[in-house]
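Colleague: Pasting the sequence and the predicted model now:
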Amino acid sequence: MPSSFPSGDLSSFRLDPHKLRWLLWLRWRLFVRGLTRSPQNIVSFAVGALFLVACCGSTAFALTIAYRMIAPPGNVELLYVVLTAITLLWIILPVFQYGQNEGLDISKLLQFPLTRGEMMVGLLIAQLIDLLSFGLMLWLITIILGFTLSPGLLLLNIVATLIFLGFVVSCSQLVMALLSGLLQNRRFRDLSYIVIILGFTLFYIAQQLLLRGVFLENFTKGLMQRQYSHYLAWLPPGWIAQAIEAGLNGNWLASLGWLLLALLLTLILLYLWLRVLERVVTQPEVGGRSQAGRVSQRAGPVVSGTMPSAASAAEVAATPVLTQGQVRTSWFARFLSSQTLAIAAKDLRYFRRDPQLLGQLIMPLVVACVALVAPFLGRNAGRVTEDSWFFLFYPPFIVFLYLSMLSINALGLERKPLTVLFLYPIKPERLFFGKNLAVLVPGLVLLLAMLAFESLFLGLWHLVLPFLVAGLASIGIVLGWGNLTSVFFPQPVIQRRGMLLAGSASYSGAGCTRGLFQLLILAISLVSLAPVILAMILPMWLNMTWLWIVSVPVSLAYGLAFYLLLTRFVAAPALLRRGPEILEAVVRD
């Protein structure tokens, strides 16, 4: 019997303790099931929990010490900033976590006979029993620990913290209810993944700025001069801070007034949340949920009708159909043939539309850019020394690692559509050329951008060409080894529903074996890259940079020859022989 929202009936707010215990048990079972579904989920949760406890725990400890050690009014001014930041985080994080936390989707509760109040409590339980909420709770505890100087202040801080918790939770639920249709849209999920990555990037950059002393002096001066509370005091988090500040000054009446004002706003938000929730429930056809259902219904017969079986595709893959249509053209024309460009365009569309592949494309890119900028932050960073040229080795090495992550299992990333791809009369080498071209575009852009950035800050423009050639040679070597491993060591990739699970754990059987295999391939690739590294370093160590006239063209030819050798004469012929084995390893129903 589905739940209903009779309007104007106070009995709809009735709370049944038995149902509340059942909702609590259900949310806990969903939480545990999501962790114990597979060993990969357990490892991911353990790593995420350790990271969250380390970040939030260390931040909470630092805030407690700051509240205690910073002299007034600096500690209270810091409270204004912290409460505002917690409010923004608590509103934003559940919105971007909508795809992972099943309890935040109200459509999952509509099938149960729940009243309005019970459904609202169920959504609150789903938000509070979560790993991110635990980290935010640690920051709230610092308010009690940092400003408790007497039993009266202890009671005041506890009440203020509870009211603030009710405010941020009700505000977060109201925002999610208003955006319920948008949150179920796939485009929003793809965009939210990028926003999360950029958010972590900004957090890392801000942390580096604070650790290196950038802006720290001005921020501390602003705390002591109370430059922030003039604006933040007008916001609801500022009301809680004013209540605590009034309690510290002994003005208990003003403190009670600010708490009552914050409580009134919380009740108003709860009422607005109720009205929006009622509108969402009584009009289920409006929003992204029904639209997504209609799209899936339209797309269903097409997929089922066009996807061939793995057995038939394996037989076709083993036939010489891939070698038909050979013509005498130049190597460059074969590399940029229409088939090659079509496969490259297809892979780029896959990277853009699939959140899992988008994560594998963007996350290493962002980490590399952040790590590139970090050494140039601070007061004494970016100074040119005699050994500054060594920083130019960083862009080729980062691009080498970046492309290795995208090319080691190029065929496995296709998943089930690989059966369709093997049906087309495409030469094997052009198949690899297209896939390599798709990852070459972001890799080459990254290499040029990083070299230009470091040359701009270090003033080493005369060294750009040799290190650019070193980067191009490393790209050829890593793509060649990637094509080889894709044919002889294909790995299936699990389709993840969540946005934050893309990565090495996406591979079936990911663990020590997969990690050791990737490290082995990287080590072999680095050994293959040793001649290029020596060709760049030895002329500088011997003060005979004129040797680059010979070593630079030879290094470029070495990388190109290495790529063609592994791709055309090893990987391409092996693809004709190992078609069924590759499909058996990659396509698993």
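Modeller: Nice, thanks for sending it over.
Colleague: Could you say which helix or strand holds Ala262?
Modeller: Take DSSP states H and E as the rule and Ala262 turns out to sit in helix 252-282.
Colleague: And Phe453, by the same measure?
Modeller: Using DSSP H and E, Phe453 falls in helix 428-458.
Colleague: re the thing from before, what is the helix holding Ala262 packed up against?
Modeller: helix 116-128, helix 151-178, helix 236-248 (3 or more C-beta pairs under 8 Å, 6 or more residues apart in numbering; DSSP states H and E). C-beta here means a position set from N, CA and C on the backbone, and glycine is covered the same way.
Colleague: Hey, what's the angle from the longest one to helix 252-282? Just curious.
Modeller: This points to helix 151-178. 20 degrees (axes from the mean of the first three to the mean of the last three C-alpha atoms, to 10 degrees).
Colleague: could you check the angle helix 236-248 makes with helix 151-178?
Modeller: In terms of direction (the same axes, to 10 degrees), helix 151-178 departs from helix 236-248 by 170 degrees.
Colleague: which other helices and strands contact helix 151-178?
Modeller: Against helix 151-178 (3+ C-beta pairs under 8 Å, 6+ apart) you get helix 74-96, helix 116-128, helix 131-147, helix 236-248, helix 252-282.
Colleague: Buried residues, that helix. List them.
Modeller: Neighbour-count burial for helix 151-178 flags 153, 156-157, 159-161, 163-177 (criterion: 16 or more other C-beta atoms under 10 Å).
Colleague: hang on, the earlier thing: so of the helices and strands packed on helix 151-178, which one's packed in deepest?
Modeller: Mean neighbour count (mean count of other C-beta atoms under 10 Å) peaks for helix 236-248 among those, with a mean of 23.
Colleague: Name the surrounding residues that touch that helix.
Modeller: For helix 236-248, the surrounding residues in contact (C-beta atoms under 8 Å, 6 or more residues apart in numbering) are 72-73, 76, 79-80, 83-84, 86-87, 143, 147, 149, 152-153, 156-157, 160, 163-164, 167, 229, 232-233, 252, 254-256, 258-259, 261-262, 265.
Colleague: quick one: it to helix 74-96, angle?
Modeller: Here helix 236-248 points in a direction 150 degrees away from that of helix 74-96 (the same axes, to 10 degrees).
Colleague: now the angle between helix 131-147 and helix 236-248, please.
Modeller: Orientation of helix 236-248 against helix 131-147 (the same axes, to 10 degrees) gives an angle of 30 degrees.
Colleague: What mean pLDDT does helix 236-248 get?
Modeller: In this model, helix 236-248 has a mean pLDDT of 89.
Colleague: Also stretch 120-133?
Modeller: 70.
Colleague: and what of stretch 581-589?
Modeller: Averaging pLDDT along stretch 581-589 gives 75.
Colleague: Any buried residues in it, and which?
Modeller: In stretch 581-589, counting by 16+ other C-beta under 10 Å, buried: 581-583, 585-587.
Colleague: Nearest approach to Val47 belongs to which of the helices and strands packed on helix 151-178?
Modeller: Val47 lies closest, by C-beta to C-beta, to one member of those: helix 131-147, at 11.4 Å.
Colleague: helices or strands next to the closest one in the packing?
Modeller: helix 39-69, helix 74-96, helix 151-178, helix 236-248.
Colleague: least reliable of those going by mean pLDDT?
Modeller: Confidence, taken as mean pLDDT, is least for helix 39-69 of those (a mean of 78).
Colleague: just the angle between that helix and helix 131-147, please?
Modeller: 20 degrees.
Colleague: one step back: right, and the helices and strands packed on helix 131-147 - which one's nearest Leu437?
Modeller: Minimum separation from Leu437 across these (C-beta to C-beta) falls at helix 39-69, 31.3 Å.
Colleague: Run a quick check on Asp269 versus Phe167, I expect a contact.
Modeller: For the record, residue 269 is Leu, not Asp. Yes. With contacts counted by C-beta atoms under 8 Å, Leu269 reaches Phe167, the gap being 7.0 Å.
Colleague: any common contacting residues for the two?
Modeller: Contact criterion C-beta under 8 Å, 6+ apart; residues shared by Leu269 and Phe167: none found.
Colleague: Just the buried residues of stretch 408-418, please?
Modeller: Neighbour-count burial for stretch 408-418 flags 408-416, 418 (criterion: 16+ other C-beta under 10 Å).
Colleague: Which members of those are the farthest-apart pair?
Modeller: Maximum distance among the buried residues of stretch 408-418 (C-beta to C-beta): 19.8 Å, for Ile408 and Lys416.
Colleague: ok, of the buried residues of stretch 408-418, which one's closest to Arg68?
Modeller: Taking C-beta to C-beta as the measure, Ile408 is the one of these closest to Arg68, at 50.7 Å.
Colleague: Next one: that closest one relative to Phe517, how far apart?
Modeller: Taking C-beta to C-beta, to the nearest Å as the measure, Ile408 and Phe517 are separated by 9 Å.
Colleague: For the stretch 201-350 of the chain, give me the ranges with low pLDDT.
Modeller: 201-219, 222, 280-335 (pLDDT under 70).
Colleague: One more pass at 50, please.
Modeller: Low-confidence segments of the stretch 201-350 of the chain (pLDDT under 50): 214, 284-328.
Colleague: Kindly reformat the helices and strands packed on helix 151-178 as a markdown table containing distance to Thr220.
Modeller: A markdown table is the format used below for the helices and strands packed on helix 151-178 (distance: least, C-beta to C-beta, whole Å):
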| stretch | distance to Thr220 |
| --- | --- |
| helix 74-96 | 8 |
| helix 116-128 | 34 |
| helix 131-147 | 17 |
| helix 236-248 | 18 |
| helix 252-282 | 26 |
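Colleague: between those, which gets nearest to Leu560?
Modeller: Of all the helices and strands packed on helix 151-178, helix 74-96 sits nearest to Leu560, with 43.3 Å by C-beta to C-beta.
Colleague: Can you name every helix or strand that the closest one contacts?
Modeller: Here helix 74-96 touches helix 39-69, helix 131-147, helix 151-178, helix 186-211, helix 216-224, helix 229-232, helix 236-248, going by 3+ C-beta pairs under 8 Å, 6+ apart.
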